[in-house]
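**Q** how would this look folded up:
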Amino acid sequence: MGKVLACKDVGVNCDTVIRGKDEADVLRQAAEHAKGCHSGVQMTPAVQAKILAAIKEEGSSSCCGGSCH
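**A** Next up is the predicted model:
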């Protein structure tokens with residue numbers, strides 16, 4: 001099962017949901033998304049840690065209110 005990250009779970013007012021095969025894939029996609037959509041966000045170690053903490057297993061009930069499918 002893959003991994004999923006919702007921008008809202010990181011405290012950003014954004015409806016984007018990123019899916020990937022593993023945490024590294026999601027983190028890479030999140031960095032690319034931030035460059036294009038969240039100008040001024042720097043991928044510092046603290047931001048990366050916050051993102052990693054918010055990544056969930058795809059299909060988990062806590063993900064996006066259970067609406068990630």
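**Q** Give me the mean pLDDT for the longest helix seen in the chain.
**A** Ranked by residue count and defined by DSSP state H, the top helix of the chain is helix 23-37. The average pLDDT for helix 23-37 rounds to 93.
**Q** Does anything pack onto that helix? Which helices or strands?
**A** strand 3-6, strand 17-20, helix 45-54 (3 or more Cβ pairs under 8 Å, 6 or more residues apart in numbering; DSSP states H and E). For the C-beta atoms, the positions are set from N, CA and C on the backbone; glycine is no exception.
**Q** Mind doing that once more with 6 Å?
**A** The elements that helix 23-37 packs onto, with contact taken as 3 or more Cβ pairs under 6 Å, 6 or more residues apart in numbering; DSSP states H and E, are strand 3-6, strand 17-20.
**Q** Are there helices or strands packed against the first one, and which ones?
**A** Counting contacts by 3+ Cβ pairs under 6 Å, 6+ apart, strand 3-6 packs against strand 17-20, helix 23-37.
**Q** hmm, back to that, please name whichever of the helices and strands packed on helix 23-37 is nearest to residue 53.
**A** Smallest distance to residue 53 across the helices and strands packed on helix 23-37 (Cβ to Cβ): 10.1 Å, for strand 3-6.
**Q** quick check, distance from the closest one to the centre of its chain.
**A** 5 Å (Cα atoms, centre = their mean, to the nearest Å).
**Q** now swap in stretch 34-47 and tell me
**A** 12 Å.
**Q** where does the protein dip in pLDDT?
**A** 61-69 (pLDDT under 70).
**Q** Residue 22: neighbour count?
**A** 11 (other Cβ atoms under 10 Å).
**Q** Quickly note the distance from it to residue 55.
**A** 9 Å (Cβ to Cβ, to the nearest Å).
**Q** Give me the common contacts of those two.
**A** residue 3 (Cβ atoms under 6 Å, 6 or more residues apart in numbering).
**Q** residues contacting residue 21?
**A** Residue 21 sits next to residue 2 when contact means Cβ under 6 Å, 6+ apart.
**Q** Now it: phi and psi?
**A** phi -80, psi -30 (degrees, to the nearest 10).
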